[in-house]
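1. Predicted structure and sequence below. I'll ask about it afterward.
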Amino acid sequence: MNRPRSSFFNNWLIRGLSTTVGQKLVMGATGLLLCGFLVVHLAGNLLLFGGQESYDRYAEALHSNELLPLAEVGLFVLFILHILLAFVTTRENTAARPVGYAEKETKQDAGVIWQLRPQSTMFLTGAIVLGFLLLHLLDMRFPHVAEAVFGRTGLTNFSSRFQAPEGETAFQHTVRVLQNPLSATVYIIGSLFLGWHLAHGFQSAFRSLGFAHPKYTPFLKGFGYLFAIIIAFGFASLPLLWFTGSMN
């Protein structure tokens, strides 16, 4: 008797995610898909520089799209998979590190105050980016939820930025958030950490998918740095220019 296709697919997926190779493949694929989302999201946000009419038209078209809920669910699944696999791979790498490794490395690196290793900072920068993302969702997607949460903690000075006034447009709300000193600071710092994460993550995603060859690895590395810079400074430019009054 043949097994149902859904059962076969689920078993294949579980077996794939239980192996190191499968985890790397999914990690790389989800990472690149999230990079694609960042490009689209930044392109939409840059319409702020075009003025209220163009940005409100974009926001209206986006939120009236019937496929938006489906896209949001898919994006949520990508984030969850990427984050879970980050936890798993970090734990496995830590467990596989031999005892005494840190002591031996310290002796070898005598005289060096701090050596930056991209692999060791990926989890840290990813955690910071996750926190930045959650704040961004509260600011832009669930302002009333954020108002309730911060209101219960007594942070009334900060909660006012989450409460959209009656009749406020998408453009007005976004600009108000970006002009808030706390938000502007967090968004600029979060954007820079996002770029730091992408600087290694972009090229690492291609390596996880098997694109590791001396011929094109240097190109992917250079393009990854360029991509990280564009994304980081693209997002950081929004709060920087609006907060400083350059776009008023």
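-> Cool, got the structure. This one's a predicted model, so the numbers in the text were calculated from it and none came from an experiment.
2. And Gly31, how far from Phe233?
-> 20 Å (CB to CB, to the nearest Å). No exception for glycine: its C-beta is placed from N, CA and C like everyone else's.
3. These two: which is more packed in?
-> Gly31 (24 against 14; other CB atoms under 10 Å).
4. Give me the helices and strands touching the host helix or strand of the more buried one, please.
-> Assigned by DSSP states H and E, Gly31 falls within helix 20-45. Counting contacts by 3 or more CB pairs under 8 Å, 6 or more residues apart in numbering; DSSP states H and E, helix 20-45 packs against helix 5-17, helix 68-96, helix 181-208, helix 217-243.
5. what's near enough to touch the most centrally placed residue in the chain?
-> Centroid-nearest residue in the chain, with CA atoms, centre = their mean: Val129, separated by 5.5 Å. When contacts are counted by CB atoms under 8 Å, 6 or more residues apart in numbering, Val129 touches Gly190, Phe193, Leu194, His197.
6. which stretch among the helices and strands packed on helix 20-45 comes nearest Leu42?
-> With CB to CB, the closest approach to Leu42 among the helices and strands packed on helix 20-45 belongs to helix 217-243: 4.8 Å.
7. buried ones in the closest one?
-> By neighbour count, with 16 or more other CB atoms under 10 Å as the criterion, the buried positions of helix 217-243 are 220-221, 224-225, 227-228, 231-232, 234-243.
8. so after the worst-scoring helix or strand of the chain on mean pLDDT, what's the next helix or strand?
-> Ranked by mean pLDDT, DSSP states H and E, the helix or strand of the chain with the weakest confidence is helix 156-159, at a mean of 38. Elements were assigned by DSSP H and E; along the chain past helix 156-159, the next helix or strand is helix 170-179.
9. tell me the mean pLDDT over that next one?
-> Helix 170-179 carries an average pLDDT of 87.
10. again with stretch 40-47
-> Averaged over stretch 40-47, pLDDT sits at 95.
11. Pull the residues that contact that stretch.
-> By CB under 8 Å, 6+ apart, the residues outside stretch 40-47 that reach it are Ser54, Tyr55, Tyr58, Leu62, Ile231, Gly234, Phe235, Leu238.
12. Neighbours of the second one, how many?
-> Spelled out, it's Tyr55. 22.
13. so what's it up against?
-> Leu47, Leu48, Ala170, Phe171, Thr174.
14. mind checking how far it is from Ser64?
-> Computed as CB to CB, the Tyr55 to Ser64 distance reads 15 Å.
15. Make JSON lines from the contacts of Tyr55 and add neighbour count and distance to Gly210 to it.
-> Shown next, in JSON lines, are the contacts of Tyr55 (neighbours: other CB atoms under 10 Å; distance: CB to CB, whole Å):
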{"residue": "Leu47", "neighbour count": "16", "distance to Gly210": "37"}
{"residue": "Leu48", "neighbour count": "21", "distance to Gly210": "39"}
{"residue": "Ala170", "neighbour count": "19", "distance to Gly210": "41"}
{"residue": "Phe171", "neighbour count": "20", "distance to Gly210": "44"}
{"residue": "Thr174", "neighbour count": "21", "distance to Gly210": "40"}
